[in-house]
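Visitor: predicted structure and sequence below. I'll ask about it afterward.
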Amino acid sequence: SRPAMQASSSQSNVRVVIKIKPHSDDDGWEAVTKQSDSTLRALRSGEALQYKFDKVYDPSGTQKHLFEQEVQPLINTLMSGFDCTIFCYGMTGSGKTYTMQGPEHDQGIIPRTVVALVDALKNPNYSVNASFFEVYNERIFDSLKGDYNNSLTVRQDSRNNVHILNLSEVPLTSTEDWKSTYGMFMKNRKVGATKLNEFSSRSHAILRLTLNIVEGSTTRQSKFYLIDLAGSEDNRKTGNTGDRFKESNAINSSLLVLGKIVNDLRKGVGHISFRDSVLTRILQHSLGGTAHCLLIANIAPGSVHIHNSVRTLNFASSSKCVVNRPTANEYNAAKAKEDPKRQREEKKEDSLKKASIEAMIQKVADDRESEYLRRLEKLEQAIGGSHRTLTHGDSNLEFDPELFTPRTKLKNAKQKVLTGKQYENQRDTKAALDMYREALSLHPDCEKLSRKVEDLERQLAGEVDHEATLMKSTLQMNKRNLFKEADSSDLDFLNQDYSDKENITNKTLPKKAPAKAKSKPVTTTTTNIDPTSAHYQYILTILNTGSLEDLQSLKSVGAARAQQILDTRERKGEFDSLDDLVKVPGFRQQLVNSFIVKNLS
């Protein structure tokens, strides 16, 4: 069993160092330069940004020097029973894998660390075990086994220690053992070619070294996590499609969650959502937890990468503010014998490590997941692409009253009507018709919805002036917010209070009274806006590189819209102009025009 952690009142911030990659003329002019041992300058759009970190290493620094200055002190801490973590962060092609692994002639952090620990094994009281695993498409795979069909499960014990069930572990007794293990990992690791990097990492690769030290009646067990993060990617520049596109989305999503958690820790938010990503769950003990942590931010200094470099530097600056409370994992057997409570805990922990118990936990988890999938499949068959209505008479499916109550039907029907209206606003009649049909299958007694479906069917058949109808719909939708100010008469059949046991009755919707004449609304215009002006470019730079706080400083942008802009930026890349805000969910053209006028006036 893992030793109990000894309480410690000491605190330490995450140590952050910058490693600048050698500049290439193909990357434009050198936009990021070292100013001193702890400061650097980044030039972006004519603006000089100054940053200060614990240490800045320029391209003249060697791998050996970085190891001696940053990693060796952590190895000494590891020997004292403290957990440690090192991870590299940066855009794809910025040198993260080179820093962590390196070629044979210029070895990186991982091989140098293993050699240092193997040298310590000359002491018979020391032992080291190694595990290699990857986070690929938000699933954990054992890289030593090379089995990418069966992912591993993460569990958390009563002491908040994170465990990966059934992860293989091999002992390291010599450098030959290491070379064999490392070669197996390198052979199995997920890599692929993109336009920016011929050997781009497609997963977050993690080496876990477990050190056990026994001295008399005292046992110390510490874990060293060495993490090579995959880099953030702009699919417009990498040219990713198919599996590469899916991989990059998973990478960007996990890095987005990592950035959000670092920001929350910096602000002192009460609840931190580590479970939002597999990567952050593994890093839980390293960010605001009980481990010592070193972040190496890798920077590509070329001007063509300046926006990604500034994003990396902003993340690194936020990480400096994260406070850890390192605690030693030390266990004294003599004291434990005198403590009955500790004996009971030890007995319980030993039993949990047995394979039968572990298998039982896995079986319970699998059964629960299967039940969720079964219920989800029934729900999809009822309201999804099959366009069928599940009734008591359906002999192929088992009717579950808990899933298909009138209230549940109404809720899903309302969502489909609102989605259909969105498609209408975008002039996608076919998609709108599909949504209305699905809503009608859930509520077949709604005459108004039935008439709506018939109208759209005639439109597609050419019986109605398609373009004129859609123009009228667009003008109406621009005058109201789809989700907050929808005309209640359009959704009367959805606003009724049904109990779970009631049946849906036939309701005839009241006709709307003729609308009163309204004054012509004042429309905003962007015809006089100069996209080349300094102020325009300043606003565009905030949209492309700003943090949540920066985005909220813009007019018409609150917390929710700032998060939507940030999410869209991570998924679809940077905005080429302010008009590109229409890519953000909820930003209609009228809102974008208003945003431009307010922020540039």
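Guide: Ah, there it is. Numbers count the residues shown, from 1 in each chain.
Visitor: alpha carbons only for contacts and neighbour counts from here, please
Guide: Will do.
Visitor: how about the helices of the stretch 201-350 of the chain, start to end?
Guide: 235-238, 242-267, 278-282, 306-319, 333-337, 340-352 (DSSP state H, counting those that start in this stretch).
Visitor: buried residues, the longest one. List them.
Guide: For helix 242-267, a neighbour-count test (16 or more other C-alpha atoms under 10 Å) marks 244-245, 247-266 as buried.
Visitor: quick check, residue 531 in contact with residue 538.
Guide: No. Contact criterion C-alpha atoms under 8 Å: residue 531 and residue 538 do not qualify, at 10.4 Å.
Visitor: mind telling me what element residue 106 is part of?
Guide: Under the criterion DSSP states H and E, no helix or strand holds residue 106.
Visitor: neighbours of it, just the number please.
Guide: Neighbours of residue 106 under the rule other C-alpha atoms under 10 Å: 12.
Visitor: for it, which non-adjacent residue is closest in space?
Guide: Sequence neighbours aside, residue 63 is the residue nearest to residue 106 in space, at 6.8 Å (criterion: C-alpha to C-alpha, 6 or more residues apart in numbering).
Visitor: quick one: that neighbour and residue 110 touch, right?
Guide: No. Counting by C-alpha under 8 Å, residue 63 sits too far from residue 110 to count as a contact (11.0 Å).
Visitor: more neighbours, the two?
Guide: residue 110 (20 against 17).
Visitor: which residues touch that one?
Guide: Residue 110 sits next to 100, 101, 226 when contact means C-alpha atoms under 8 Å, 6 or more residues apart in numbering.
Visitor: out of these, list just those in strands.
Guide: Members of those lying in strands (criterion: DSSP state E): residue 226.
Visitor: the stretch 1-150 of the chain: strands as residue ranges?
Guide: 5-6, 12-13, 15-20, 32-34, 39-44, 47-52, 55-57, 84-89, 126-136, 139-142 (DSSP state E, counting those that start in this stretch).
Visitor: okay, the residue positioned nearest the centre of the chain: pLDDT?
Guide: Per C-alpha atoms, centre = their mean, the C-alpha nearest to the average position across the chain is that of residue 254, at 2.6 Å. At residue 254, the model reports a pLDDT of 85.
Visitor: count of neighbours near the closest residue to it other than its chain neighbours?
Guide: Distances taken as C-alpha to C-alpha, 6+ apart put residue 277 closest to residue 254, at 5.8 Å, once the chain neighbours are dropped. Residues lying near residue 277 (other C-alpha under 10 Å) number 19.
Visitor: residues contacting residue 277?
Guide: Applying C-alpha under 8 Å, 6+ apart, the residues near residue 277 are 138, 254, 257, 258.
Visitor: kindly report the same for residue 571.
Guide: 249, 252, 253.
Visitor: and it, what element?
Guide: According to DSSP H and E, residue 571 maps onto helix 559-572.
Visitor: measure the residue nearest to residue 544 when sequence neighbours are not counted to residue 230 for me?
Guide: Distance criterion C-alpha to C-alpha, 6+ apart; nearest residue to residue 544, sequence neighbours excluded, is residue 574 at 5.3 Å. Distance, residue 574 to residue 230, using C-alpha to C-alpha, to the nearest Å: 19 Å.
Visitor: repeat for residue 132
Guide: 15 Å.
Visitor: repeat for residue 66
Guide: 21 Å.
Visitor: tell me which of the two has more neighbours.
Guide: Higher neighbour count among residue 66 and residue 230: residue 230, with 28 against 17, using other C-alpha under 10 Å.
Visitor: so the more buried one makes contact with residue 203?
Guide: Yes. If you go by C-alpha under 8 Å, residue 230 and residue 203 touch, sitting 5.6 Å apart.
Visitor: could you tell me how many residues sit around residue 102?
Guide: Neighbours of residue 102 using other C-alpha under 10 Å come to 17.
Visitor: enumerate every residue touching it.
Guide: So residue 102 contacts 108, 109 (C-alpha under 8 Å, 6+ apart).
Visitor: which ones are touching residue 23?
Guide: By C-alpha under 8 Å, 6+ apart, the neighbours of residue 23 are 30, 300, 301, 302.
Visitor: same deal with residue 53?
Guide: 16, 17, 18, 38, 39, 317, 320.
Visitor: excluding chain neighbours, give the residue nearest to the last one in space.
Guide: Just to be clear, that refers to residue 320. residue 14 (5.5 Å).
Visitor: ok, the fourth one next?
Guide: Nearest residue to residue 38, sequence neighbours excluded (C-alpha to C-alpha, 6+ apart): residue 55, at 4.5 Å.
Visitor: hang on, the one you found packs against residue 18?
Guide: Yes. Look at residue 55 against residue 18 with C-alpha under 8 Å: they come within range, at 6.4 Å.
Visitor: those two: who's more crowded?
Guide: In this view residue 55 and residue 18 are compared by other C-alpha under 10 Å, and residue 18 has more residues nearby, 27 against 19.
Visitor: OK, contacts around that one?
Guide: 53, 55, 56, 57, 296, 297, 298, 299.
Visitor: can you count the residues close to the residue nearest to residue 207 when sequence neighbours are not counted?
Guide: Excluding its sequence neighbours, the residue lying closest to residue 207 (C-alpha to C-alpha, 6+ apart) is residue 132, at 4.7 Å. Residues near residue 132, counting by other C-alpha under 10 Å, number 26.
Visitor: and the one 5 residues further on, by the same measure?
Guide: Using other C-alpha under 10 Å as the criterion, residue 137 is surrounded by 18 other residues.
Visitor: what sits against residue 274?
Guide: 261, 280, 281, 284.
Visitor: okay, those in CSV with pLDDT and distance to residue 171 next?
Guide: Output for the contacts of residue 274, formatted as CSV (pLDDT from 0 to 100; distance: C-alpha to C-alpha, whole Å):
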residue, pLDDT, distance to residue 171
261, 92, 34
280, 90, 27
281, 89, 25
284, 89, 25
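Visitor: tabulate those residues (a markdown table), appending distance to residue 443.
Guide: Listed next are the contacts of residue 274 as a markdown table, based on distance: C-alpha to C-alpha, whole Å:
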| residue | distance to residue 443 |
| --- | --- |
| 261 | 42 |
| 280 | 42 |
| 281 | 42 |
| 284 | 46 |
